[in-house]
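Novice: predicted model and sequence below, questions to follow.
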Amino acid sequence: MRSNLLISLKPLVLAIHVVTFSVSAGIMTTVYARTNIQISAGDLNQALGQYALQQNVNLIVDGKLLSGYQSEGLQGNFEIEAGFNQLLQHTPYQIAKVKNGYTLVAKSNLKPQQSHYVGQLKQIDVQAKGTVKTSTDSVAQLPAITVDTVSSPQGLKKTIQSGALGSKSILDTPFSITVVESDDISKRGAKTLGQIFINDPAVYSQSAAMATDWWGTTVRGLGVRNYYVDGFPMSLSWGGDFPSEAAESVTVLKGLTGFMYGFGSPGGAISYQLKRPKAAPETSVEVSYRNPGLVTALVDTSNYIDAIDLGYRFIIGGDKGESYNTAEQNHFITSLALDKKLSDNINWTANFIYENNKTEHEPPIFSFGSLTNGFPKATYDYDNLTVDNAYYKSNTFAAFTGVNWKINENWNLKYQLGYTRKEHHSNLVFDYLLNTSGDYTGNLYQFAYLDESQLNQLMLTGKFTTGSIKHELVAGAGYTVSTVRTSAYYWVKDFTGNIYSDQPYTITHTPNFSLKPKSSEIAQTYGYISDTIKFNEQLQAILGLRYTYYDKEDLDYDPTKDSGYSTKATTPTIAFLYKPVPNATLYASYVESLEAGSVVGSTYANAGEVLDATVSKQYEAGVKYDAEPLSLTAAIFKMQRAATMDSIQNGLTYLTQDGLTNYQGLELNTSYKPVETLKLGLGGMYLDASIDKVSQANKATRGHQPAGVAKWSGVANAEYTVSSIEGLSLHGNVRYNGESYTSTANIVKVPAYTLVNTGFSYKFKLSGYDAVLNGNINNLLNKKYWASSGTWASIGEKRNGILSLKVTW
């Protein structure tokens, strides 16, 4: 199976070289034909705006008229009015020519909606905020080439892909979800998941920017092990984040994800939606500088090669230089996205991403396991902490392709095939703090690790009715296999030191990165079905079921014992949604998640024992509201997860499944616009986590908090548009991370800390091109802190600044 799949992927890999050459040639030779239309499926308002832009005509319309309508996309050669009416065929409107362009009118057999004038639109900010303009309206300042009179759904109305639930707006999804768009990531200069989701108090990462994200991200106090790229699973829970430069948006789904994504951890799921070709040709170049000497460059170009009827988007860039923490950065990223319409009803897509990253002499990770009475004060003298010839390298490659068949107006079938690969080379040091004076012992950790995954998936979506009840069905089946190969590892106490003194240690041991035969192979075969039942405009129910067969091969190469493991399970989800008004949703949901069983490692007395798969449960109720000037999400939740802990018996250490960890809490996120120029945000989370139902051997931990879980976290943010300077806006946030224990013994607490970040964004014209200048200062007050995930922690991110310029044409 694996070899056949790799063979089938070779043409896709070859396509990178072929199309990259075509891109470079096409940019120079292809002339964009404005009557050749290429519009992807999505929001109808956005599709109309793209169509007007491609036809080079004015479209004067109130975006609210078509709010909630979806477009199936449009491809081919169209006369202006024919294409407009094709897009509008399932609406009560049709296109009409007026003096200054085109507008919408009600179809003759339908009652027209009243229209009114709201003032002349500006040339730069031309998103419609009123309703349809009449033929007597003046639009002399609205050049056709810059028209963008409609806007895609934003905030909670944005449509997202939620695994086995299919595509739904955030407002109509019965779970807590946060989406961050690429424009916002770029505006704030965010480099890590912690920075991307800094305005969501439920999401936390101990890793500072420009350092290896060794321990991953936590959501609602639980570590996330479920990462997805365009719906494909990828191993990203340690050793570095996915390159956000290739992502159009990043989404976090909080809580249990067993039904949506199968076996995994109950912490939630983080998914990246990749950038796709745009409807009109566009190229941007972005250059940034981060003190004291890190330079970043990124080129993003999208176009359509008419000769072969292919849309593409190509990204290339990277970082090089010294970052604020004295680490030397060498980062390269490139991606290619392809779209092609094979027929009127069949579309083909493909994505390729390659990243190579090397970080040299970065600050080490620290263990708090030996501390019993507090912490040494954090220091930002990074030079004292680093080992000059330490480094960490990672190499990421992903290739995805899919075919979408529109069977008819109500049914779609999609097949996806993918391959992901991530290789790590570690030549890092890890330090064990001994006391509050800052003394430590240091271990050298050398290893190589290769993770590869392959996926095949078939998904059917459709709509039908039974009497007066509407149904939205999602069904699918798939197969994934993941393999791991490792080298011999070197983990030895090699040196000592103090965090306030220079570290003279130099690595002399030569690493051996030769990979051994595969040490792990895990396959999952699964099927799922969900039905969104709409009883009326107010009441909905979601019922779903997922079956998974999980199989781990015996690869310990010890014929005396069987370390293989297999299990099968069915995970349900049940949810009810009530919409008292179209912009509000009340919901309650129940979902289960499964974590695969594991084989006890060789360091335990019960080595080789197979621990059973465990079931976690989540109950959640919440409210979502989104109508200007207020947007609000609030949820109360309870999660129950089986605990795994060390047990001492007759002087020997056993790994056992013992106890139940309860996570229950409340989270709230709001944004409010008191005036058009000011947007305020406020969020908070209270989390009451405790260990319960443990055996007599571990009774000392009963009622204790899990390690690394803070009771309180919160954030306040604001964005202000400066009316006196066109194009200028200011933004900032204040983030509070509460105190947490270093271990389940609940003896030592990591102190709470508060960070202040601020920045600006200035949009202007540079030689006639659209340009934006972004500036940010992270940790404005230079707060010194320890960022912990429990026993292990990082020294924080000192004050640093970033300035970027992006030009688009």
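Specialist: Sure, I can see it.
Novice: residue 84 should be in a strand, yeah?
Specialist: No. According to DSSP: H, G, I helix; E, B strand; the rest coil, residue 84 belongs to no strand; its state is helix.
Novice: list the residues that contact the nearest residue to it once chain neighbours are set aside.
Specialist: The shortest distance from residue 84 to any non-neighbouring residue, by Cβ to Cβ, 6 or more residues apart in numbering, is to residue 95 (3.7 Å). No exception for glycine: its C-beta is placed from N, CA and C like everyone else's. Residue 95 makes contact with 81, 84, 85, 88, 102, 103, 104, 105, according to Cβ atoms under 8 Å, 6 or more residues apart in numbering.
Novice: the stretch 101-250 of the chain: strands as residue ranges?
Specialist: Secondary structure of the stretch 101-250 of the chain by DSSP state E, counting those that start in this stretch: the strands cover 101-106, 159-161, 167-169, 177-181, 203-205, 217-219, 222-223, 226-229, 232-233, 247-254.
Novice: tell me which helix or strand the residue nearest to residue 84 sits in.
Specialist: strand 93-98 (DSSP states H and E).
Novice: that strand: partners in the sheet, and parallel or antiparallel?
Specialist: Here strand 93-98 has these sheet partners by DSSP bridges: strand 101-106 (antiparallel).
Novice: any buried residues in the partner strand, and which?
Specialist: 101, 102, 103, 104, 106 (16 or more other Cβ atoms under 10 Å).
Novice: likewise for stretch 711-720?
Specialist: For stretch 711-720, using 16+ other Cβ under 10 Å, the buried residues are 711, 713, 714, 715, 717, 718, 719, 720.
Novice: and what of stretch 493-503?
Specialist: So for stretch 493-503, counting by 16+ other Cβ under 10 Å, buried means 494, 495, 497, 499, 503.
Novice: check stretch 509-519 too.
Specialist: Residues 511, 513, 515 are the ones in stretch 509-519 that count as buried (16+ other Cβ under 10 Å).
Novice: go on, stretch 550-570?
Specialist: Under the neighbour-count criterion of 16+ other Cβ under 10 Å, stretch 550-570 has 550, 551, 552, 553, 556, 563, 565, 567, 569 buried.
Novice: got it, and stretch 521-537?
Specialist: Neighbour-count burial for stretch 521-537 flags 521-530, 532-534 (criterion: 16+ other Cβ under 10 Å).
Novice: so which of the residues you listed are in strands?
Specialist: Counting by DSSP state E, the part of the buried residues of stretch 521-537 found in strands is 521-530, 532-534.
Novice: residue 355: which of those residues is nearest?
Specialist: residue 522 (23.8 Å; Cβ to Cβ).
Novice: so where do the helices sit in this protein?
Specialist: Ranges of helices in the chain, per DSSP state H, are 2-29, 44-55, 80-87, 182-188, 193-196, 258-261.
Novice: rewinding a little: quick one: closest of the strands of the stretch 101-250 of the chain to residue 661.
Specialist: Smallest distance to residue 661 across the strands of the stretch 101-250 of the chain (Cβ to Cβ): 8.8 Å, for strand 222-223.
Novice: quick one: strands adjacent to the closest one?
Specialist: For strand 222-223, the paired strands and their directions (DSSP bridges) read strand 217-219 (antiparallel).
Novice: and residue 738, how many neighbours?
Specialist: Residue 738 has 20 neighbouring residues, counting by other Cβ atoms under 10 Å.
Novice: beta-bridge partners for the residue most central in space within the chain, please?
Specialist: When Cα atoms, centre = their mean is applied to the chain, the residue found nearest the centroid is residue 250 (2.9 Å). On the basis of DSSP bridges, residue 250 is bridged to residue 180, residue 272.
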